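1. Below is the sequence, then the predicted model.
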Amino acid sequence: MDFLLTAEQDLLRDSITRFALEHGDFAKWRRALPAGPHNQAAWSQMAELGWLAIAVPEAAGGLGGSAVETMLVMEGLGRALSREPYVGTAVIAPALIDDPAILAAIIAGETRIALAVAETGNRFNLAAAETTATGGTLTGTKSFVHDGATADWFIVSAQTGPALTLHLVPRDAPGLTITPIRGPDHRHHARLTLANTPTRPLQGGLDALESAVDRAIAAHLAEAVGSMEALRDMTLAYLKTREQFGATIGSFQALQHRMVDIALACEEARSMLYFATLRLDAPAPDRRIAVSAAKTRIGQTARFVAHQSVQLHGGIGTSDELPVSHHLKRLMIIETLYGNSDHHRARFAAATDAA
Amino acid sequence: MDFLLTAEQDLLRDSITRFALEHGDFAKWRRALPAGPHNQAAWSQMAELGWLAIAVPEAAGGLGGSAVETMLVMEGLGRALSREPYVGTAVIAPALIDDPAILAAIIAGETRIALAVAETGNRFNLAAAETTATGGTLTGTKSFVHDGATADWFIVSAQTGPALTLHLVPRDAPGLTITPIRGPDHRHHARLTLANTPTRPLQGGLDALESAVDRAIAAHLAEAVGSMEALRDMTLAYLKTREQFGATIGSFQALQHRMVDIALACEEARSMLYFATLRLDAPAPDRRIAVSAAKTRIGQTARFVAHQSVQLHGGIGTSDELPVSHHLKRLMIIETLYGNSDHHRARFAAATDAA
Amino acid sequence: MNLDYTPDEIAFQQRMRAFFAANIDERLRALVRTGTRLEPREYVAYQQLLAAQGWGAPTWPTEYGGTGWTPTQYYIFEAESARADAPQQFHQGLELIGPVLFTYGSDAQKQKYLPRIISGEDWWCQGYSEPGAGSDLASLKTRAVRDGDHYVVTGQKIWTSYAHAASHMFCLVRTEIRPRRQEGISLLLIDMKSPGIRVRPILTLDERHHVNEVFLDEVRVPAEDLVGEEGKGWNYGKVLLDRERGLSAALGLRLGQYVRVVKSRAAAVRLGATTLLADPGFRDKLAQIEIEMLALEYMGLRTLADAVAGLDSGPRASMLKIRWSELIQRITELWVEALGYDAACFAPLDDATDLPADMPSPMASYLHARVTTIYGGANEVQRNIIARRSLGL
Amino acid sequence: MNLDYTPDEIAFQQRMRAFFAANIDERLRALVRTGTRLEPREYVAYQQLLAAQGWGAPTWPTEYGGTGWTPTQYYIFEAESARADAPQQFHQGLELIGPVLFTYGSDAQKQKYLPRIISGEDWWCQGYSEPGAGSDLASLKTRAVRDGDHYVVTGQKIWTSYAHAASHMFCLVRTEIRPRRQEGISLLLIDMKSPGIRVRPILTLDERHHVNEVFLDEVRVPAEDLVGEEGKGWNYGKVLLDRERGLSAALGLRLGQYVRVVKSRAAAVRLGATTLLADPGFRDKLAQIEIEMLALEYMGLRTLADAVAGLDSGPRASMLKIRWSELIQRITELWVEALGYDAACFAPLDDATDLPADMPSPMASYLHARVTTIYGGANEVQRNIIARRSLGL
């Protein structure tokens, strides 16, 4: 039992740190917002560095890496507020797609893929799709597709008789309408309408989907922890420099204790992140317990850290001109993604009671 | 709309303050514990002062007072950690009993009465009794009777066919077994077993019981507020005198803010107390909303105030030798009595949704 | 003790209820209900509507054009306004500078400025906070130097609400350096069209523009626009703060609108065969907030009763501010939670139409609510004040 | 990164599991499960059981009679002990003074005292806190004056656990008044049978007797029972604290027993046609605590891994203490809540028999848990320490 990185993982982390420094400059980030969600140079660089190949099996030309490597990448992207569609493309897609051409395109940074499972009628329940797949076509509405506005492919869940089935739909498929939406996180999400859209069925069903989504959750939790630690660091630095009443505000005990609770929340979150990440390959019941416990607790601690970071920054924390509030907004989206804390606490309880 | 006391109520409050000063000395209180729960001198004095007659109708020789007077008495008793069975005898009994002889005995301080409604199978649900009344006798078990060990009469709820009925049972009734229990509040409660115990039916049913229990709840909430404010005052005084690290501990900002939150909790609790007390005569739906909202919030704030008062006192707060922990224990019993905060939040929601 | 209004107050209540029912259109109601901040022109139109009734200044004495209402009447007015989803009046002229002017201002200032606040012709903004002077307002650095019959003002203000729409600013400036920082501060009335004023918008986290930085570069202010005495501005400022808190009895009244909107939204969210509103966990969280709002309402009523009886409310106004801000944060947070993925819909791209009807109100309201524990004296500062003034710590 | 034990560790775990299964009887399990504090004789019996296996001092080096286990082995031992509802060893001799003696003690002290700690023959209590020196331990006033080959000790200690059962006390005393209050403090080993020692019981809020006041009136202590150097006692004390926190990786392991007992109790509470455990609101609260316990467990594992790797854990030990104490308070509170009215049954009167079987464990455990955020450095002090040492505030 240890939490040490291998030499290769250490190198990966260093490279992510450099990448985040290069692309994470906040002023540059903010200037780039009107140009859309993606930074093609960054995405190509990620391909070159092999990050898009981590979760692709070696047999398909990928690195066959572990969840730990994905975690390291996502921490860096979270810290830098990256808006690249890494999880959909490089975590979910390789878990559900085995088409060598598409996997090769993922590795090369030539395609972006989004998962379309959310519907108005199912809230966070993956098993209940009202979209139907019959006679080789899909019909239904997906109410929220993360990073969906710019995806080249969609992985769509649908009901085929009693079974949940998965389907691959290209962006230009007949009968597919994409309604793009900008999130508070400045990412470009989408709603989809499918009307007799031809489908290309994928192999797995609900089990495969749930497993892929658990991997996606763990990846987003790493993003959240990166974001929380960025907030912690900038808030601590602010407490040490901002002066009021003739002293740095970090000299006031009430704020010191709040800062300690922020640091403590980050420690809890990181501990839960390791728990979830290192249990992704465990049997489904154990995986559910770990992932849902982590999703719950990281959601709660992230909320606390983000709210208190804004509060401790005071007025300036509520402006659009500092990264603080942008981390808050991204963390609120991650909190909702694939089920909020309440949803996952209930999933945890059910999995625990069944164990 | 005002929260002012009448001249008579002002006098009543003064007299309660004097009474509490006289009987509330903690060292004396603690020395008296081995002698049992009651102070006969105090009880007689309460009778002489007319407090036991407040809720008895004028027609029956009582004062026909309002819930405000009951509230004033209970605040004082709460502050002084009084263990007299005021609520069962002087609040619940006059609401459910119309026998002139018993009412006269209540006024004279010659009888003590307890309400027996709790059962193992009904948790906090007044409407669901497993005790049955058939053929003029009662059979069943009451799992907790507040102040029951020393009561002369019990008001017992039972099922008669589809209806909930109320019955008066004297202490020495055949088939009645009283198992006395000491609470952490040093009061003497009881469990009752009734085996073919002859019954003397009372007039009202579930509606009357619910109304009487709401009055009892409001009275205990007044007791709780008295107790909370006593904790607030002794904790504030302690912060101003106790020195650590070369300063009074009240000079530390984190403790100051905690103390502010204690004071704020007391303000909320008192506001809710007025809400519940002044709505006792409203139509049942409004009364339920007010009483259950107050029971919920006062339960929560009481817990906070009691826990933090112990915490701010440090080691000495955890000893049996200071009133702090005794207030905590009494407040925990009040929190449970007639339904805890969770129960009443659900009752509040149901009443609100029905309104 | 009783919770009843007098017959006169009931008649007043009915009159207000009828007024709001007749005069607030559904478009405005919907804006208020969804927590949208109004545009200046909407505030002005609403102010004119009230002024036409003679209710332009509900808390002012009649001699200055106010209603002369009792605190209870004002409370009823606010309660009926909230009940009807009517907006709140923009308060900076009415509550923050108007009362200072009728208390400390010169006759000329009263005659010139007060009527135009009531009529909505003038729009006042508050020039208090500075980049280095937030919670610690007394450390403000904007300087005003006397030059003949003018003051020459140079400095920088920040978080100035609606400075871009304002005709005037009441502004704390330093006219003298004194060892006690609260001394040497003066209160000036500044015409926003004066040369040397530059307003820079600051977007807040909800991506809206309502606060600004205001740069003052040798702005010449006539000496007759000094309020009261030079160097005594801090005291007038404190009166403002006290008065702001005096209005706090009515603070909680507006929270009910969020409960209504959260309930209706949650009732529309399907959860298998049931709805989110019927989910015990969600209902519990909402009921908890409803109960705490009742506590706030009754704390407010006690404060109101003290105001009526002329009693000191102690720290209750600061406590109301603390609890109100915490509750508005929690209810808007629950609103966002109710929406699930729809909360992520913040802005349409292209010419999208098939989007949630309430986009982006819940998320914007939630984000904007983060400000409430910071402005008007951050909650940490409120706790300091209560500890010192009321608890003697 | 991995969460797996090595094959050797798995073998060790199986050995421990078999031992606890075979050697802890149901009566003792039941006491532990219900959170009952053990009597001294029960602690001693358990210590003798472990000592007979050679496991009397699981964290000590072999040269002093310890097991020489790795931190992971110790963690496994504790985990299996908790899993089997076995008690914890009484730690004041084993963890608070033993390590000081084998680090700083004289050879004579090591030979005299260490074996008798392991065997359970000696029982040590900790003489640190005083009425005026709680969180601020450095302000202690108990004086020791050198008189020939003795120290003469006069003063008062408080909150001394099991002083009434102890054979010895390790005691911080002031041997010199110095401007820096941490200097001039010495550590003495005191025989509790010495003339001049009086022990007064203090009942705690759970109505149990385990802490005491200890009055020392000119108690003569042989100079050979001074540990290390005169005036340097504060430093040894800090080592004790550091070590106490070093054990914190295993802190959370014992909380699982409360989850098990709360679940079984709540499953027995009828709620109409269902049970309290099946009530969504109750299950949510319990699940929330279970999840936070997992966070504590994994924070502990990270601390353990750092200990194995010889890395500094930063403030994580203080954080573990904070979270552990908060969680034990919440789980015992939920236990009391589960009981409903039965929680009010605290003591039988007369010869009552028909009473809840677990009376008064839940209430007593809940009440006793209030102490955990106060002792061993109140949580407020822990936060001060983290702010200063780790965050640089």
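-> Now that the structure is in, tell me what you want to look at.

2. in what helix or strand does C:Leu203 lie?
-> strand C:197-203 (DSSP states H and E).

3. From the rest of the structure, what touches that strand?
-> A:319-321, C:158-160, C:163-164, C:190, C:192, C:209, C:211-217, C:219 (CB atoms under 8 Å, 6 or more residues apart in numbering or on different chains). Where C-beta positions appear, they are placed from N, C-alpha and C, glycine not excepted.

4. From the residues you listed, list the buried ones, please.
-> Buried residues within those, counting neighbours by 16 or more other CB atoms under 10 Å in any protein chain shown: A:319-320, C:158-160, C:163-164, C:190, C:192, C:211-216, C:219.

5. Mind checking which of those residues land in strands?
-> Among the buried ones among the contacts of strand C:197-203, the ones falling in strands (DSSP state E) are C:190, C:211-216, C:219.

6. C:Val261 touches C:Leu31, doesn't it?
-> No - proximity of C:Val261 to C:Leu31 does not meet the contact threshold set by CB atoms under 8 Å, at 11.9 Å.

7. Let me see the confidence value for the residue lying closest to C:Glu290 once chain neighbours are set aside.
-> Using CB to CB, 6 or more residues apart in numbering or on different chains and skipping residues adjacent in sequence, the residue nearest C:Glu290 is C:Val259, 5.9 Å away. Note for C:Val259: predicted pLDDT of 95.

8. With the one 4 residues further on instead?
-> In the predicted model, C:Lys263 carries a pLDDT score of 96.

9. Can you point out the helix or strand that includes it?
-> Secondary structure assigned from DSSP H and E places C:Lys263 in helix C:256-267.

10. What helices and strands are in contact with that helix?
-> Counting contacts by 3 or more CB pairs under 8 Å, 6 or more residues apart in numbering or on different chains; DSSP states H and E, helix C:256-267 packs against helix C:26-33, helix C:71-83, helix C:280-309, helix C:316-339.

11. Could you export these as TSV, including distance to B:Thr131, mean pLDDT and mean neighbour count?
-> Shown next, in TSV, are the helices and strands packed on helix C:256-267 (distance: least, CB to CB, whole Å; pLDDT from 0 to 100; neighbours: other CB atoms under 10 Å in any protein chain shown):
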stretch	distance to B:Thr131	mean pLDDT	mean neighbour count
helix C:26-33	50	90	15
helix C:71-83	46	94	21
helix C:280-309	29	94	21
helix C:316-339	41	95	23
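
12. JSON lines please, covering those helices and showing distance to D:Trp60.
-> JSON lines is the format used below for the helices and strands packed on helix C:256-267 (distance: least, CB to CB, whole Å):
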{"stretch": "helix C:26-33", "distance to D:Trp60": "69"}
{"stretch": "helix C:71-83", "distance to D:Trp60": "69"}
{"stretch": "helix C:280-309", "distance to D:Trp60": "49"}
{"stretch": "helix C:316-339", "distance to D:Trp60": "51"}
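
13. Relative to A:Thr111, which of the ones you listed is closest?
-> For these, the distance to A:Thr111 is smallest for helix C:316-339, at 30.9 Å, taking CB to CB.

14. Let's see that closest one as PDB, backbone CA atoms only.
-> Presented in PDB, the C-alpha positions along helix C:316-339 are these (Å, rounded to 0.1, in the frame of the first residue of the first chain):
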ATOM      1  CA  ARG C 316     -30.700  42.300  16.100                       C
ATOM      2  CA  ALA C 317     -30.200  44.300  12.900                       C
ATOM      3  CA  SER C 318     -26.700  42.900  12.400                       C
ATOM      4  CA  MET C 319     -28.100  39.500  13.200                       C
ATOM      5  CA  LEU C 320     -30.800  39.900  10.600                       C
ATOM      6  CA  LYS C 321     -28.300  40.800   8.000                       C
ATOM      7  CA  ILE C 322     -26.200  37.700   8.800                       C
ATOM      8  CA  ARG C 323     -29.100  35.300   8.700                       C
ATOM      9  CA  TRP C 324     -30.700  36.900   5.600                       C
ATOM     10  CA  SER C 325     -27.600  36.700   3.600                       C
ATOM     11  CA  GLU C 326     -27.000  33.100   4.600                       C
ATOM     12  CA  LEU C 327     -30.500  32.100   3.700                       C
ATOM     13  CA  ILE C 328     -30.600  33.800   0.300                       C
ATOM     14  CA  GLN C 329     -27.400  31.900  -0.500                       C
ATOM     15  CA  ARG C 330     -28.900  28.600   0.600                       C
ATOM     16  CA  ILE C 331     -32.300  29.000  -1.200                       C
ATOM     17  CA  THR C 332     -30.600  30.100  -4.500                       C
ATOM     18  CA  GLU C 333     -28.200  27.200  -4.100                       C
ATOM     19  CA  LEU C 334     -31.200  24.800  -3.700                       C
ATOM     20  CA  TRP C 335     -32.800  26.400  -6.700                       C
ATOM     21  CA  VAL C 336     -29.700  25.600  -8.800                       C
ATOM     22  CA  GLU C 337     -29.700  22.100  -7.300                       C
ATOM     23  CA  ALA C 338     -33.300  21.600  -8.400                       C
ATOM     24  CA  LEU C 339     -32.500  22.400 -12.000                       C
END
